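A.B. asks: When you get a sec, could you give me coordinates for this:
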Amino acid sequence: MSEENITKEALELVKEAQSAKVFNLADAIKGRAYPTTTVKVYLDDASAMELVEVNDLMNRTTNPEALIDLEKRSEFLAEKIMESSLTFEMRGIGQKEIDQITEQLNGVYSISKGQDGTTNPEWLKDYITLLVGRNIISVTNAEGAVDKSEFDLDKTTELRSALSLSEWNKLVGAMQKLTLAGGYFDQLTDAGFLQKS
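C.D. replies: A predicted model of the protein is given here:
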């Protein structure tokens, strides 16, 4: 077979594969585009608290020399806070992973099939923690070093314990948005952006 015939045959296969008549459900599901987001959190709570106090003093200070010193302190603290930053790359997860998390925790907490684990506060805390962990793709520190390891329950619990409540809530909020993104299709349809069938 000549090179020209191979090229024509390849083009025909490509056209056929791209035609509306050809559809492979398995390929479509594998290629599902889960939503992603980036969340930045900060570890230096002490400097953040001091920076709020310094900024408050700056707003009340009328002495120009004192204001210069406060501005220097403010810049120093802001730099320290930035150096403590962690940037989380997060991606939504599918129902299969959500079911796996539920089954895992039901086993840990001896919850029988048909029972609801959400009535147990510890089960619920671990459930949210695992969902956040499964949404994390990678973490990059301020120096640019990247951690792409898996965030299991132990590692994500350690993260939850290390972060202030406000910073942890940023990750929980992103997880909720990403995990519940499937509901966006209903909202878009109801709003008229997608055709109803």
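
A.B. asks: hey, which helix is longest across the chain?
C.D. replies: helix 64-83 (DSSP state H).

A.B. asks: Kindly format the C-alpha coordinates of the helix or strand that comes right after that helix as CSV.
C.D. replies: Once the chain leaves helix 64-83, the next helix or strand it forms, by DSSP states H and E, is strand 85-91. Output of strand 85-91 as CSV, limited to C-alpha atoms (Å, rounded to 0.1, in the frame of the first residue of the first chain):
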residue,chain,number,x,y,z
SER,A,85,1.5,30.2,51.1
LEU,A,86,0.5,26.9,49.7
THR,A,87,-1.3,26.7,46.3
PHE,A,88,-3.7,23.7,45.9
GLU,A,89,-4.7,22.5,42.5
MET,A,90,-8.1,20.8,42.9
ARG,A,91,-10.4,18.8,40.6
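
A.B. asks: which strands and helices sit next to strand 85-91?
C.D. replies: strand 36-42, strand 136-141, helix 165-179 (3 or more Cβ pairs under 8 Å, 6 or more residues apart in numbering; DSSP states H and E). The C-beta positions use only the backbone N, C-alpha and C, and glycine is treated the same way.

A.B. asks: Let me know which of those is the nearest to residue 129.
C.D. replies: Set against residue 129 and scored by Cβ to Cβ, the helices and strands packed on strand 85-91 come closest in helix 165-179, at 9.0 Å.

A.B. asks: Which helix or strand in this structure has the lowest average pLDDT?
C.D. replies: helix 183-190 (a mean of 45; mean pLDDT, DSSP states H and E).

A.B. asks: centre of the chain versus the longest helix of the chain, how much separation?
C.D. replies: The chain centroid and the centroid of helix 64-83 are separated by 31 Å, computed with Cα atoms, centre = their mean, to the nearest Å.

A.B. asks: So for that helix, mean pLDDT?
C.D. replies: Across helix 64-83, pLDDT averages out at 95.

A.B. asks: what's the spacing between residue 148 and residue 82?
C.D. replies: Using Cβ to Cβ, to the nearest Å, we find residue 148 at a distance of 23 Å from residue 82.

A.B. asks: So these two - more neighbours on which side?
C.D. replies: Higher neighbour count among residue 148 and residue 82: residue 82, with 13 against 10, using other Cβ atoms under 10 Å.
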